[in-house]
Every structure is written in structure tokens, then in C-alpha cells.
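# only the shape, not the letters, is given here:
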């Protein structure tokens, strides 16, 4: 198992995009409704890296099995020390501890960055118990639930907010 932090190949990023798009198409954990093109995903990656924020890929052998990254929580200047993170694990590898592994690595990387003081988990779907447990296990505190805040696949979806102060 290897965590990649820099110098990703196009193949690595395409595998990360495949994981990301899986959750767009097949779950309520990502509120995007249309899959991303490689160009759009690459732009997201470049934005994260240009802001000196962590973007990690979890690789086993030659396969990317997880992605984790941090992005701005909100655009307003008062939120400049608070960041939202995202974690996605290849659906064939869920419930094997990889989510916790990559989250721990992401937290380590965030602690090295002096501008990151708070991490926010915005968990799509209040029924996503495994993500809620994963974050609680890694020191996140439950903040609250926004009921019926997202709309996807003709269904209203909740968002659970959890926070970790670094």
C-alpha cells in the first residue's frame, strides 16, 4: 500500500476520476449529478494543488483504490482556516480499512499546513453510517444534520456535518 502525494501520472488521475464518477452515478455521497470529464477533474486537481492543499491517492500495486483531498469550505475570507475534505474508496475495496488509512494520512498532511485549522466532513445522506463511524473513529465530532438539503435522483437527501479541530 502506497500513498501518493505528488507527481501523479495521467493514468493515476484517470483511475481516481473513475472512482469519483462511480460515486456520482451510484450514490448519494456526492451531490454532483453528472459525471466529470477528465478535463474538469484535472482542473479540480490543479485548483487544489495550486492552493497548496493535500490531494492523495492510495495505490496498491498499480491500482488506485482511493482518493482523498481537501478544498475550501467556503469562499468568504472568514472561512480561510476551515477546509472540507473528500474521501472515496473504490467500491470493490470498501470495508477493508482503506478509508480510515487514507483519512489518517490526509489528517497528517493537513496538520503540516499552517492555514488548515479545521476539517469539515460533509457526509451526503444521513444513512451513510459507515462514513459517520469512520469520521467519529478519527476524531471528528458530530455538528449537525441539514435535512433535505440536496436533491438527486428525484430524492431529497440530508447532509451530516462533522468537524475536527487540528
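Thanks, I have it. Everything numeric here is computed off the predicted structure, so don't read it as measured data. Residues are numbered from 1 along each chain as shown.
# next SSE downstream of the longest helix along the chain?
Assignment by DSSP state H gives helix 10-26 as the longest helix of the chain. Once the chain leaves helix 10-26, the next helix or strand it forms, by DSSP states H and E, is helix 38-50.
# got the buried residues for that next one?
By neighbour count on 16 or more other CB atoms under 10 Å, the buried set for helix 38-50 is 41, 44, 45, 48. For glycine as for every other residue, the C-beta is placed from the backbone atoms N, C-alpha and C.
# kindly report the same for stretch 135-144.
So for stretch 135-144, counting by 16+ other CB under 10 Å, buried means 135, 138, 140.
# next, format the residues you listed as a markdown table and append distance to residue 61 and pLDDT.
Shown next, in a markdown table, are the buried residues of stretch 135-144 (distance: CB to CB, whole Å; pLDDT from 0 to 100):
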| residue | distance to residue 61 | pLDDT |
| --- | --- | --- |
| 135 | 28 | 97 |
| 138 | 26 | 97 |
| 140 | 30 | 98 |
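# can I get those residues in CSV with distance to residue 85?
Formatted as CSV, the buried residues of stretch 135-144 follow (distance: CB to CB, whole Å):
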residue, distance to residue 85
135, 10
138, 11
140, 10
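# any chance of the residues you listed in a markdown table, plus distance to residue 62 and secondary structure?
A markdown table is the format used below for the buried residues of stretch 135-144 (distance: CB to CB, whole Å; DSSP: H, G, I helix; E, B strand; the rest coil):
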| residue | distance to residue 62 | secondary structure |
| --- | --- | --- |
| 135 | 29 | helix |
| 138 | 28 | coil |
| 140 | 32 | coil |
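# ok, so of those, who is nearest residue 112?
Closest approach between the buried residues of stretch 135-144 and residue 112, by CB to CB: residue 138, at 16.8 Å.
# next, count neighbours for the residue nearest to that closest one when sequence neighbours are not counted.
Nearest non-adjacent residue to residue 138, counting by CB to CB, 6 or more residues apart in numbering: residue 103, 5.2 Å away. Look at residue 103: counted by other CB atoms under 10 Å, it has 25 neighbours.
# quick one, what contacts residue 21?
With contacts defined as CB atoms under 8 Å, 6 or more residues apart in numbering, residue 21 is in contact with 35, 36.
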